[in-house]
Structures are given as structure tokens and as C-alpha cells.
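Trainee: Return atomic coordinates for the entry below.
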Amino acid sequence: MKVHFIAIGGSAMHNLAIALSRKGMQVTGSDDEIFEPSKSRLAKEGILPENIGWDAARITDDLDAVILGMHARENNPELIAAKEKDIPVYSYPEYLYEQSKEKTRVVIGGSHGKTTITSMILHMVNALGLNVDYMVGAQLEGYDCMVKITPDAPIMILEGDEYLSSPIDRRPKFHLYQPNIAIISGIAWDHINVFPTFENYVEQFDIFCQQIQSDGTFVYNLEDEEVTKLGEKYKSSVNSVAYKTPDYDVTDEGTVVHFDGKDYPMLIFGAHNLQNLMGAMRIGEAMGIAPNDFLTSMHSFTGAGKRLQKVAESKGFTMYKDFAHSPSKLMATTKAVKEQYPDREVIACMELHTFSSLKKEFLPEYDGAMNAADDALVYFSPEVVAHKKLEPITKDQVFSGFGGSVKVVNETKNVLDFIHSRDWNNKVLLMMSSGNFDGIDYEALGAEIVDKL
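Mentor: Numbering: from 1, shown residues only. All right, here's what the predicted structure looks like:
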């Protein structure tokens, strides 16, 4: 098989390219820009394009398939050449389905918790020595490639993103996987640039449920109103399995989960994390893993990459970073940290960085999202707003959007001044963003605070 990637440098695309190359396929690719770590990873596998830019001559008659990334445009010369030569063109999710259609497909969907649940399942898989293929949207510790495709694994674990598949395929990715086992962890409006109304967004999850195979299993979060509606709607056509946050106690090390008359110590904490744990447990059950075996295997799980990750710690001070950026994620993460440290002040800083979060119309969705923090700051960059070609927003609009409970700044220096002006004894610092506040080195900042204590 000979496969060519248009926009091979993307975070998802380069992982798939590496996986296919390792499977024995002949892989080529192109892009108009390739950044780290994609560049080094592709070079290590011997599939980094020799030249940057698009070239229709790369589309040769002997290609079996072209895989098209979201970064490319509809008028891409290589895409046009592939169509002219009648070479099959696949989106990233379409090709993943092609590679897994003879396997049991486990698809993890939801506005939040996808990566965490997927990480939990993979942790279980490794602990129990199971053979599975997988695709994860984020880089996880201990993995050099986040896509694995082999001829012999009977199961494929797929993180089911609701964002669009490709420039010429406007379907959400998770509509293409046709799961045998599926989960929806929660529905909270996101991707306002693609799904302009909440109703339109919820509809995508309804369509996802329609793709579950007739003998399949649908695991759903009983504590989410919209997800519960779907669980009820589809219980007659598939095996619907509900889950909810377990009983638990907070400990100095994390939590103790109480389930089915037994106690299971965990290193993770926060109701939202433990809710995800129960969802992952029910998926494991559908895969044939007993709940006791799953929960026992999770004792050593410390969390997913960039999700509530401890950066620095000393006596009386702890710093975390988290990928949280949507309202539901902010609320869940801030609550989790405050619950774990009830006797400390929690100082939370977040960056408005995504397209949705910087839309003036979306800001009211953040009302109360950081109320669990003792003090909260929100940062945004006017330059990023302009770069995304969005209508300018003001500090007052952000302040109002969050319900008047936050300090708003738009310079990185202001964020650092806010942090450095404090005595950090008996406090927790929580940094939340899908970016880095335009240049803040979290590890260096944490080390600096610890040195001053």
C-alpha cells in the first residue's frame, strides 16, 4: 500500500502517518509548515517531506490513497490532482474506520473527559496485558505515537472528536467510526464557529448515537441532562448502560472510591475525574473486564497528559496546569482542586484562547465557571482575537461574561504580576489554558515560587 498525506504535519495526521509507516505501508506527505514535535517525529521515522509546500507532482498514479488533513484547503493543488486521477481521498477519521472496520470499535465521545477516559482505558489495557489498537487526540506520557494500527488487535479504541473531518467533509469525526461500544461523557456547547446554536451542537451527539451498531453498547453519563435524554431515547435499539459519580472520600494521596462493597485507593481526585472513572469502568465491562479488575488496575493511574497535571510542590504550596478552556471544563477543574484542598486558598488563572472562547456571543457561557476558586484571573490577547479575525472584545465584556467574579487582564506581564505579588504559603495555583498565556513557562514559574517559600 502506498499512501500520501496532504497536511502531514498536523498533530493527529503525523501520528497516523507514523502508525501506517510502522505497519509497513509506503508513506509520503506534504505540508506548507511543519512544527515541532511533528517535524522531529516524522524525521525519525524517515517520512518527513524533503521540501515544504504543495506540489501536484507528488500525486502519482501508483498511490492507493490520499489522506486529507483539516489544515489543507479545498483548492489545494495536490487534492485537485488526486481527484483528477481518481485516487481515493479519505479524511483522517474515514481512514481510521477503514483500518478498523473488522475490529470491535470503542468510541469515546463527549464535550469533556474524552482524553481522560481514553487514557484510563489504555492504562487498564496495559495493566492487564490486552492487545488493542488505538487513536488518542492528545500526547500521553509513555507513548511515542498516539495511533497504533496492527493486523492482529481485535479492538480499536478511538477518541471521538465532534469537530469536522476535513475541508471537503463537514461531518464531525465521530460520525464516521460506527462504534460497537460508545460513550458520551457530557454535552456542553463548544465549537461555536461550526455549531452556531446549542441545539445544533446537541444534534451531532444524537447522530453519533444513531451510528452505534444494532448489537452495540451505549454507556452514558446519568448526571448530564442532555446525555440522559439520549440514553433513554436509544435504550430500545442498543444496550444502554448508565453511570454516575461513585461514593468516595478525599485523602492526602488522592481519593478512596467505594464501589460494590469494596474500597479502591486512587491517586486521582475530583468528582469529575471519578465520574470519568466510572464511565471507563463501564466501557471495560462491555469489553469483558470485570469492574473489580478495572478498578484495581487504576490504582496507579495519575491522570492524562496536560489534564490537571502537578507542576510544582513544596510544603504548603502546590501548582497545577490543566488543558481546561471551555466553561464546563473550567468549572469541573476548579471545583476538583478546591475540594482536594479545602483548607488552602485556590488561585486560578485561565486564558481565553480558542475560537469559541473569544467570541463575544459565547462569553456569557462562562458565567460562574470559576466560582469555586478563592481568587480568579482571566487573560486574553487582543492580538490573538485579531489573528482569528474575530470582533474585538473588551475587559468589561469578559468580566461580565464570567459573572463579575474575576480579574481580567490582556498582557502576559499582568498575569505574572498577579502571581508574583502573592505570598504562596498554604495556597494552590491553578493555570488553565489550551495555550501558555503567550509565553509563560509553567515549570520555571513553579520552581521560582518554590524557591521563594
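
Trainee: Can you check what pLDDT the model gives the residue of the chain positioned farthest from its centre?
Mentor: Ranked by distance from the centre of the chain (C-alpha atoms, centre = their mean), the top residue is Asp61, with 36.9 Å. pLDDT, Asp61: 97.

Trainee: How about the contacts made by it?
Mentor: Contacts for Asp61 (C-beta atoms under 8 Å, 6 or more residues apart in numbering) come out as Lys85. Yep, even glycine has a C-beta here, placed from its N, CA and C like the rest.

Trainee: quick one: it is in a helix?
Mentor: No: counting by DSSP: H, G, I helix; E, B strand; the rest coil, Asp61 falls outside a helix, being coil.

Trainee: and it, how far is that from Lys2?
Mentor: Asp61 sits 10 Å away from Lys2, going by C-beta to C-beta, to the nearest Å.

Trainee: got the phi/psi numbers for the residue farthest from the centre of the chain?
Mentor: Here is the backbone geometry of Asp61 (degrees, to the nearest 10): phi -60, psi -20.

Trainee: do Ser100 as well
Mentor: phi -130, psi 10.

Trainee: can you check the one 5 residues further on too?
Mentor: Geometry field for Arg105 lists phi and psi as phi -100, psi 120, criterion degrees, to the nearest 10.

Trainee: In this structure it contacts Pro154, no?
Mentor: No: under the criterion of C-beta atoms under 8 Å, Arg105 is not in contact with Pro154, lying 10.7 Å apart.

Trainee: more neighbours, those two?
Mentor: Legend: neighbour count by other C-beta atoms under 10 Å for Arg105 and Pro154, higher for Arg105 (25 against 12).

Trainee: contacting residues around the helix or strand harbouring Val415?
Mentor: Assessed by DSSP states H and E, Val415 sits inside helix 412-420. Helix 412-420 is contacted from outside by 347, 349, 377, 379, 407, 409, 429, 437-440, 445, 449, using C-beta under 8 Å, 6+ apart.

Trainee: Report the buried residues of that helix.
Mentor: Neighbour-count burial for helix 412-420, with 16 or more other C-beta atoms under 10 Å as criterion, is recorded at Thr412, Val415, Leu416, Phe418, Ile419.

Trainee: Can you add distance to Gly270 and pLDDT and give these back as JSON lines?
Mentor: Formatted as JSON lines, the entries for the buried residues of helix 412-420 read as follows, by distance: C-beta to C-beta, whole Å; pLDDT from 0 to 100:
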{"residue": "Thr412", "distance to Gly270": "28", "pLDDT": "97"}
{"residue": "Val415", "distance to Gly270": "24", "pLDDT": "97"}
{"residue": "Leu416", "distance to Gly270": "27", "pLDDT": "97"}
{"residue": "Phe418", "distance to Gly270": "24", "pLDDT": "97"}
{"residue": "Ile419", "distance to Gly270": "23", "pLDDT": "97"}
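
Trainee: if we take the residues you listed, which one ends up nearest to Asp86?
Mentor: Nearest to Asp86 among the buried residues of helix 412-420: Thr412, at 50.7 Å, using C-beta to C-beta.

Trainee: Okay, helices next: where are they in this structure?
Mentor: Listed in chain order, the helices of the chain (DSSP state H) span 11-23, 38-44, 77-84, 92-100, 114-128, 198-210, 225-233, 271-286, 291-297, 327-340, 382-387, 395-401, 412-420, 442-452.

Trainee: nearest to Gln139, of these?
Mentor: When these are compared by C-beta to C-beta, helix 11-23 sits nearest Gln139, at 8.0 Å.
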